[in-house]
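Participant: Predicted model and sequence follow; I will ask about them next.
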Amino acid sequence: EPEVTQTPSHQVTQMGQEVILRCVPISNHLYFYWYRQILGQKVEFLVSFYNNEISEKSEIFDDQFSVERPDGSNFTLKIRSTKLEDSAMYFCASIEGGETQYFGPGTRLLVL
Amino acid sequence: SQQGEEDPQALSIQEGENATMNCSYKTSINNLQWYRQNSGRGLVHLILIRSNEREKHSGRLRVTLDTSKKSSSLLITASRAADTASYFCATVRVTGANSKLTFGKGITLSVRP
């Protein structure tokens, strides 16, 4: 069964460093999402992406964040200068055009 | 906001018992979905119910939706120890090309063997 994959599974970085989180959505899906979950808290929407552009972003998704679909398979989330409060689990999700979003296993980011 | 809010926050039951989890939300929705998350892992989609539906079943899962009360419930029948996880409701309001999920805080279910 097709699934969303994410790499790396864990990443530790120093505050102020740039990180790139990678996702490979399900191949025929058209809509892509990033969510994050701070430890012990709820899952929060960051950004949605369709037709090579951002369709919606949350207040969390400030200028330090960017997304890109550099080729036909990858979907990346970049944090330019990480802060301590960026430590969280980051989930990628994709959808074909229906209603069910399929989530990847997540990348656990720890900013020291 | 149209956040889903679940209750109870934590539920502990004996294997074989039924588990009922509730979710309330604030604004109109297109559909409501329930997800499961094992500790520190990804989100697994369980079931979706549309705003014009009142009840759906999938295996041991039964979900109801009352749009007049803006609430939903997830029932897991004949629970198993493997059902131990966090459960989240998430509402969807489709706007144009976007159908973002808005999650509640989750319910921690513990099923004792």
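Facilitator: Everything's here; your move.
Participant: Name the residues of chain B found near chain A, please.
Facilitator: B:30-31, B:33, B:35, B:40-45, B:48, B:50, B:88, B:90, B:92, B:95-106 (Cβ under 8 Å from any Cβ of the partner chain). Every C-beta, even on glycine, is put in place using the N, C-alpha and C of the backbone.
Participant: Can you list which of these are found in strands?
Facilitator: Of the residues of chain B next to chain A, the ones assigned to strands by DSSP state E are B:31, B:33, B:35, B:43-45, B:48, B:50, B:88, B:90, B:92, B:101-103.
Participant: Would you convert those into a markdown table that also reports distance to residue A:42 and pLDDT?
Facilitator: Below are those laid out as a markdown table (distance: Cβ to Cβ, whole Å; pLDDT from 0 to 100):
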| residue | distance to residue A:42 | pLDDT |
| --- | --- | --- |
| B:31 | 18 | 92 |
| B:33 | 14 | 94 |
| B:35 | 11 | 95 |
| B:43 | 11 | 91 |
| B:44 | 16 | 92 |
| B:45 | 16 | 92 |
| B:48 | 19 | 94 |
| B:50 | 23 | 94 |
| B:88 | 7 | 94 |
| B:90 | 9 | 94 |
| B:92 | 15 | 89 |
| B:101 | 11 | 91 |
| B:102 | 9 | 92 |
| B:103 | 5 | 92 |
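Participant: Weed out the non-buried ones from these.
Facilitator: B:31, B:33, B:35, B:43, B:45, B:48, B:88, B:90, B:92, B:101, B:102, B:103 (16 or more other Cβ atoms under 10 Å in any protein chain shown).
Participant: and the residue minimising distance to the centre of chain A, what are its bridge partners?
Facilitator: The residue lying closest to the centre of chain A (Cα atoms, centre = their mean) is residue A:34, at 3.5 Å. Residue A:34 has these beta-bridge partners by DSSP bridges: residue A:47, residue A:92.
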